[in-house]
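Participant: Predicted model and sequence below, questions to follow.
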Amino acid sequence: MDYVIEMLNIRKEFPGIVANDNITLQVKKGEIHALLGENGAGKSTLMNVLFGLYQPEQGEIRVNGNRVNITDPNVANKLGIGMVHQHFMLVDKFSVTENIILGSEPSKAGQINMKEAIMGVRQLSEQYGLSVDPNAKISDISVGMQQRVEILKTLYRGAEILIFDEPTAVLTPQEIKELIAIMKTLIKEGKSIILITHKLKEIMDVCDRVTVIRKGVGIGTVNVPETNPNELASLMVGRDVVFKTVKKDANPKETVLDIQDLVVKDSRGVASVNGLSLNVKAGEIVGIAGVDGNGQSELIEAITGLKKSESGKVSLNGKEIQNMSPRKITRSGIGHIPQDRHKHGLVLDFPIGENMVLQTYNQQPYSKNGILNYKNIYEKARTLIKDFDVRTPSEYTLARALSGGNQQKAIIGREVDRDPDLLIAAQPTRGLDVGAIEFVHKRLIEQRDRGKGVLLVSFELDEVMNVSDRIAVIYEGKIVAIVNPKETTEQELGLLMAGSTAGKKAGEEANV
Amino acid sequence: MDFFQVLQIIIPSMIFLAAPLIFTALGGVYSERSGVVNIGLEGLMVIGAFSSVVFNLTFADTFGALTPWLSLLVAIAAGVIFSILHAVASITFKADHTVSGVALNFLAVGLSLFLVKIMYDKGETDRVAEGFHKVDIPLLKDIPVIGPLFFTDAYYTSYVAIAVAVLAWYVLFNTPFGLRLRSVGEHPMAADTMGINVTKMRYIGVLISGGFGGFGGAVFALTVTGYFGHTTISGQGFMALAAMIFGKWHPIGALGAALFFGFAQSLSIVGSGLPFFKEIPNVYLLIAPYVLTILALTGFIGRADAPKASGLHYEKGKR
Amino acid sequence: GKKEESNGSVGGKKEAFTVGMVTDVGGVEDKSFNQSAWEGLTAFGKDNGLKQGKNGYHYLQSKQDSDYITNLNTLARQDFDLVYGIGFLMKDAVTKVSEQRKDTKFAIVDEVVENSNVASITFKEHEGSFLVGVVAGLTTKSNKVGFIGGVQMPLIEKFEAGFKAGVMSVNPKAEVLQKYTGNFDKPADGRATADSMIKSGADVIFHAAGGTGEGMIEEVNSVKQKDPNKAVWAIGVDKDQAYLAPEAVLTSMVKRVDLAVADVAKKAKEGNFPGGEKIEYGLDQSGVGIAETKDNLSDDVLKAVEEWTAKIKSGEVKVPSTPAELKNFK
Amino acid sequence: MSKRLINIIVPIIAVILGLLAGAIIMMITGYNPVDGFSALFYGMFGEVFYAGETIRQLTPYILSGLAVAFAFRTGLFNIGVEGQVLVGWLASVWVGLAFDLPKIIHLPLAILAAVAAGAMWGFIPGFLKARFKVHEVIVTIMMNYIALHVVNHIIRTVLTKGAERTPDVPQSALLKSPMLELMSDYSRLHWGILIALFGAFLMWFILEKTTRGYELRSVGFNHHASEYAGMNVNRNIILSMVISGAFAGAAGAMEGLGTFGYASIKGGFTGIGFDGIAVALLGGNTAVGIILAAILFGGLKVGALNMPLETGIPTELVDIIIALIIFFIASSYIIRWALTRNSKKGVK
Ligand SMILES: Nc1ncnc2c1ncn2[C@@H]1O[C@H](COP(=O)(O)OP(=O)(O)OP(=O)(O)O)[C@@H](O)[C@H]1O
Ligand SMILES: Nc1ncnc2c1ncn2[C@@H]1O[C@H](COP(=O)(O)OP(=O)(O)OP(=O)(O)O)[C@@H](O)[C@H]1O
Ligand SMILES: [Mg+2]
Ligand SMILES: [Mg+2]
């Protein structure tokens, strides 16, 4: 059996840590090979080595049996290796085509030959069923589209082996389906794929074989048909993991959050939340299921005061709070785990300790008449770091240096610790490994059981179904259905989220 | 004096005053588009002015009428060489771009004046023998209206400036090189994964700005002052920086901004001699260019969006 | 300051009479009074067999106005016998230091400091300006002449008043366009101003604007370069500025700072230092006048200049030295 | 905490390298470095007079350095310190001349006026940035020139009748002190240094110790997160520029009430603002660092004046040295990296 890619005993060190400790990875031609591991296990690093972004301290790489020395991405490209990165590598201000041709531009007489380029892109996207508008600006297209551009970039360079680093973490269920379809086409076209993901379900669905890494060490490679999620999970974490999150039934009490006919315009002036009504009771978790871009972000920003609402009312514990300043709203009892941890959640250049009081720095005991009390601040930080198991060298480490997962834990700790009547969690587990996910879910349920309201927004259907007590389906800025997770199926939800009439019916029933 | 005469006074001097700014601002555009902030434009102008004047003084006899043009070339070379300092510091040594740029300014002034003292044993140079002089462009100058406004009493360097601005735009937005340069300034890691050598691109960007800066300084020295001293370049570099931002990091925008500055400045200088402006207290005319610029930015230009990665260092694998 | 405590390089008791000067921000090559003063000092030094340096004659350049006092002090503490402060900008500095260092002799140019150990050297710029005004008035064909001043202040207004008076005395029809650029160091402003004056019809322009004024000369010159027989002229100031552009400079209003400086130094050396006095150098002392270079001046213009010089010396004409006096100048 | 150690070592190394480079330049150009430096340092501290002048020179440097640094620390680049110094200078003199009050009131009032004027001059770019998202760098550059011309105009038309300088400010509003001058053999040493030092303390205190400082730094780093955390981003941007301008205005008062005791028409900028950038950078934008940097730069500038007479070395040599020092500081990445690399071992 011949391998397209062989990475033998790869070792890669970073200051203070061995990211890859002689890991071996062998990929067969025409297979989808999964790379599984916890956050910080070393997956991205290994792939960056294969793609020539990092140089390994040790080990050798073979492509189609020949030993190669991949000094930089150019070499990788020439060898037919393409990578779709965990964090997209696209220039917002450029057009789709410009992004794709960048670095190998068709030109005549020293001028870029845009016609030819666009034709090339069209032709490619048809061949692989990756419909994109070659002239669209990256900043104007959806995440799913952007990912297609990433794929096209690699294909444009004639990649034979494609690396996907956590491609589904940022996608909606629909988009994930489409992506999987695309991968299958690619395989048909004779490509080979390395897929990094935390989602065991996906591995079971699409992959042929899976290599597991734990803390930088290769644990081994198994054939997917001969394994099951639980085995994979314990291989990766090194212990058994419970999936179906255990929780006793909710006993909802008085209404905490009550939203009536809320209308919110997005940056383009479109009413992306359009007469939405919803309520969350104390002691329950309401999950909002929906395809990205149906008003989830605007809804949350409106509730938390980051965006003005046009009309309608939002009341917390019976008190109207719409269009109050974010601070007033947080003070009145809302905690918010933001969707974008880097943009809203943290000041990356502050020590993790100072980030822990981002909401409360101007309250006692962290400050007194305008003067900060670092002793108390860092004391609190230490407890939170311990309680929420944030992996960081010290509370004085800059937030920037933490892994996304640990950053997320820090944010959750901060928000939960304020013990708000309503906790809003937007995509709280995006990009996290199962261990971390388990942890986050536990915390949300804990809040519920302590008689608090929780509003969970997620694109991960199974997350919504696992954690929520009620599921509100959002479609085009309205709640089109409220369903009971126990009585619904992924299929039904999928339909509702797609706004199908069938869904509507179900919705009305549910409302009765 | 009628309105046309007024234009005849203001427009040529506007173009005349704008030319040095145009070159230097273009330099700024190339540097920042590649992701390197360049506060050092002022210093680069100083070096350009200094080197061109010194060359001119030394070789006027040898090259005669050709001297000013050669002086420009020398200034470009000097600017490029000097900007290497900025490139090494801010790209290779990961220096804060602003810091390095500021240092560049201090160094340029200190060094050039120091050398003048050493070479001429006095604080400023003599006047250059071979400067640029006014010309009327044959034929074109006879076009009604346009002719007298744009093609009489002009300097060749002004036309070069405008031509170069257009060329700069073409290169930046229509060639592979331009695309790569901009990509490096927007998202270096993306560029890197596409096999573009970020460091090399940024070096090129900075060196180009060095050439332009030197060019601008030389044009100023050879058309305006005619010698080099401690007051020769006083703030033009910062005005060019402003022009670049005002022009939204776009060559044509910078061109327009520079012309606008030239216009406002010439108004402030000659305004009091003109019928409509006689009454206005001089101070208002003096501050007009700056106030207008601010108003312009506040009013219709609005937020200028710099290249995303400008001022940021690029390290492989850094999130 | 005593020699011993000051920096001990080149020690020893010195007999020579030493003179030092502190320039204002202009520096000794400002092609204007600082340079002229330094020439005077150099001349004096040469005559008395002094070497440049600590034990002879020396200058310190100021880069910002807070340097004046430091520099004056430095020279005084180095036991220079006579220390010049050049330019009106130095008034306060000289006043202060002269009060503190009573054992040192000081002199200031273009200003008056009433301290017993300070000699004040001033000039009747208005008289010189009057003469070039006469030249301008007689030379202009368009009956429009221009005056470009630097910063508007009494000293520069002396030039303005004298010049205007001169023009109107010989050519009542002539109009004087005037402009204060507000600076002494912006040749660009000088050029643009000259450009607009010329386009507004002026054909002779006089300046009292230092470096800014040089821009004017440059402008006139480049107009000439374009079209040699175009009748536009520049009039220089302070020194004979013909060398800047021989074809363009009609004449210059020279102000012999060099003579004055050397003169005072000589007096001081001979022991009759005019401390506390205000010495005004005018036409009589040939402290002001028109430049040596007269190539561009026609004989009858020169003759007119002679006559007016005589009239002024004889006191028959009293040249106004301020805009106010100019108003009631017949 | 080896990081702190590095932050101390690096500037020192840079300074030494800068001086070495200066020595080399002197040798190349045929001067004797030993004489050169002895003249230089003698001119800094060699006599009480020079020491006094050095302190006098570094006083405004501290404040302008603080102004630049404060803005830096909150994510803004204030090139407008130069203009803010000018308006501060004018305001202090104006108040000094306008009133006739006992010193305990008059002097503070004059200084406050300067602070207020500088703050106002800083407010404008701050406001424009907050309200219209206009780039503060460009606005502050423009504001410098506006300040220059407006100040000249006011001196010429409002404070005097066409004179090029105002009368002297009465003793009751002056920082000048005959006592200090006498002590320092008639240097212009004045009480301003105390204000400057207090200013340094103030900046450190505001930024590091107060919730306001926490907000300012937070906004400087990340608008979005700050807004999410309920801070008023725009108010903080404006405030930052206002405080920065206030420091600059105080620097102006040092000149208006200390060094000069009057205001005069300026042909160009004072340089205090631009040197302030250098000081802030060398000082690593920290209060203590700025004080030390100001001492160095102030000393070099004053000492330089003694070089031409003693050794014939042009004063510009010092500007070169200063520039090189800044370069070396900026480029200290290599050293830092090497040092931090080792200290990072053991982490995790
Ligand atoms: N650029 C870097 N510099 C220093 N250390 C790094 C760097 N990148 C990764 N590491 C270290 O290598 C380890 C592996 O990182 P890597 O990004 O490969 O994890 P991962 O498996 O991709 O995790 P995730 O699932 O979160 O993407 C990290 O835990 C980190 O300690
Ligand atoms: N530039 C860097 N310098 C130092 N350490 C780094 C760097 N980049 C990543 N790391 C280390 O990598 C670890 C995780 O790397 P990585 O960025 O792959 O995680 P992540 O994918 O962002 O986190 P998660 O998978 O939990 O979202 C972090 O703990 C961090 O310490
Ligand atoms: Mg990763
Ligand atoms: Mg991850």
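Facilitator: Received it, and whenever you're ready, just let me know what you need. Ligands and ions are numbered 1, 2, ... in the order given.
Participant: so residue A:276 sits in a strand?
Facilitator: Yes: per DSSP: H, G, I helix; E, B strand; the rest coil, residue A:276 lies within a strand segment.
Participant: and the gap between it and residue A:463?
Facilitator: Applying C-beta to C-beta, to the nearest Å, one obtains 21 Å for the distance of residue A:276 from residue A:463. No exception for glycine: its C-beta is placed from N, CA and C like everyone else's.
Participant: Specify which residue of those two has the higher count of neighbours.
Facilitator: residue A:276 (24 against 21; other C-beta atoms under 10 Å in any protein chain shown).
Participant: Does chain B have contacts with the helix or strand where residue D:112 lies?
Facilitator: Following DSSP states H and E, the helix or strand that holds residue D:112 is helix D:103-132. Yes: using C-beta under 8 Å from any C-beta of the partner chain, helix D:103-132 reaches chain B at D:128, D:132.
Participant: Against which helices or strands is that helix packed?
Facilitator: Applying 3 or more C-beta pairs under 8 Å, 6 or more residues apart in numbering or on different chains; DSSP states H and E, one finds that helix D:103-132 makes contact with helix D:81-98, helix D:136-154, helix D:233-253.
Participant: okay, those helices in CSV with mean pLDDT, mean neighbour count and distance to ligand 1 next?
Facilitator: Output for these, formatted as CSV (pLDDT from 0 to 100; neighbours: other C-beta atoms under 10 Å in any protein chain shown; distance: least, C-beta to the nearest ligand atom, whole Å):
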stretch, mean pLDDT, mean neighbour count, distance to ligand 1
helix D:81-98, 97, 30, 38
helix D:136-154, 92, 25, 32
helix D:233-253, 97, 28, 31
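Participant: about what we covered before: quick check: mean pLDDT across the helix holding residue D:112?
Facilitator: The pLDDT scores in helix D:103-132 average 96.
Participant: And the helices and strands packed on helix D:103-132: which comes nearest residue D:49?
Facilitator: helix D:233-253 (23.1 Å; C-beta to C-beta).
Participant: Is there contact, residue-wise, from the closest one to chain B?
Facilitator: No: interface with chain B: helix D:233-253 contributes nothing (C-beta under 8 Å from any C-beta), its closest point being 13.4 Å away.
Participant: touching chain C at all, the helix or strand just after that helix?
Facilitator: Scanning forward in sequence from helix D:233-253 by DSSP H and E, the next helix or strand is helix D:272-282. No: using C-beta under 8 Å from any C-beta, helix D:272-282 never reaches chain C; the gap is at least 9.0 Å.
Participant: Leaving out chain neighbours, which residue sits closest to residue 129?
Facilitator: Unless you meant another one, I'm taking chain A. When the adjacent residues along the chain are set aside, residue A:129 lies closest to residue A:185, with 5.8 Å between them (C-beta to C-beta, 6 or more residues apart in numbering or on different chains).
Participant: Can you look at chain C instead?
Facilitator: residue C:162 (3.3 Å).
Participant: Regarding chain B, what is its longest helix?
Facilitator: Ranked by residue count and defined by DSSP state H, the top helix of chain B is helix B:3-33.
Participant: quick revisit: show me the contacts for the residue nearest to residue C:129.
Facilitator: If you count contacts by C-beta atoms under 8 Å, 6 or more residues apart in numbering or on different chains, residue C:162 has them with C:125-130, C:133, C:319-321.
Participant: Would you tell me what helix or strand residue C:120 is located in?
Facilitator: With the criterion set as DSSP H and E, the secondary-structure element containing residue C:120 is strand C:118-123.
Participant: do residue A:25 as well
Facilitator: Residue A:25 is part of strand A:17-28 when elements are defined by DSSP H and E.
Participant: tell me the mean pLDDT over that strand?
Facilitator: Per-residue confidence for strand A:17-28 averages out to 90 on the pLDDT scale.
Participant: buried sites along stretch D:30-46?
Facilitator: Neighbour counts using 16 or more other C-beta atoms under 10 Å in any protein chain shown place D:31, D:33, D:35-40, D:42-46 of stretch D:30-46 among the buried residues.
Participant: mind listing what the closest residue to residue A:414 other than its chain neighbours touches?
Facilitator: Distances taken as C-beta to C-beta, 6+ apart put residue A:356 closest to residue A:414, at 5.3 Å, once the chain neighbours are dropped. When contacts are counted by C-beta under 8 Å, 6+ apart, residue A:356 is found next to A:377, A:380-381, A:384-385, A:395, A:410, A:413-414.
Participant: Nearest to ligand 3 among those?
Facilitator: residue A:410 (18.2 Å; C-beta to the ion).
Participant: What pLDDT does the model give residue C:328?
Facilitator: According to the per-residue confidence, residue C:328 scores 88 in pLDDT.
Participant: what do you get for residue D:344?
Facilitator: Note for residue D:344: predicted pLDDT of 44.
Participant: which is the next helix or strand following the longest helix of chain B?
Facilitator: Moving toward the C-terminus from helix B:3-33, the next element (DSSP H and E) is helix B:41-63.
Participant: Pull out the buried positions in that next one.
Facilitator: Of the residues in helix B:41-63, those with enough neighbours to count as buried (16+ other C-beta under 10 Å) are B:41-57, B:59-60.
Participant: mind listing what's buried in stretch C:304-320?
Facilitator: Of all the residues in stretch C:304-320, those buried under the rule 16+ other C-beta under 10 Å are C:304-305, C:308-309, C:312, C:317, C:319-320.
Participant: Nearest to chain A among the residues you listed?
Facilitator: Distances from chain A to the buried residues of stretch C:304-320, taken as C-beta to the nearest C-beta, are shortest for residue C:320 (64.9 Å).
Participant: isn't the closest one right next to residue C:161, touching?
Facilitator: Yes: the pair formed by residue C:320 and residue C:161 meets the contact definition of C-beta atoms under 8 Å, at 4.6 Å.
Participant: that older thread, how about the longest helix of chain B against chain C, any contact?
Facilitator: Yes: Helix B:3-33 comes into contact with chain C when judged by C-beta under 8 Å from any C-beta, the residues involved being B:5, B:8-9, B:12-13, B:16-17.
Participant: ok, and does that helix reach over to chain D?
Facilitator: No: judged by C-beta under 8 Å from any C-beta, helix B:3-33 and chain D are separated, with a smallest distance of 11.5 Å.
Participant: rewinding a little: which one in the residues of helix B:3-33 next to chain C is the model shakiest on?
Facilitator: The lowest pLDDT within the residues of helix B:3-33 next to chain C belongs to residue B:5, with 79.
Participant: How much space separates that residue from residue A:194?
Facilitator: The spacing between residue B:5 and residue A:194, counted by C-beta to C-beta, is 75 Å.
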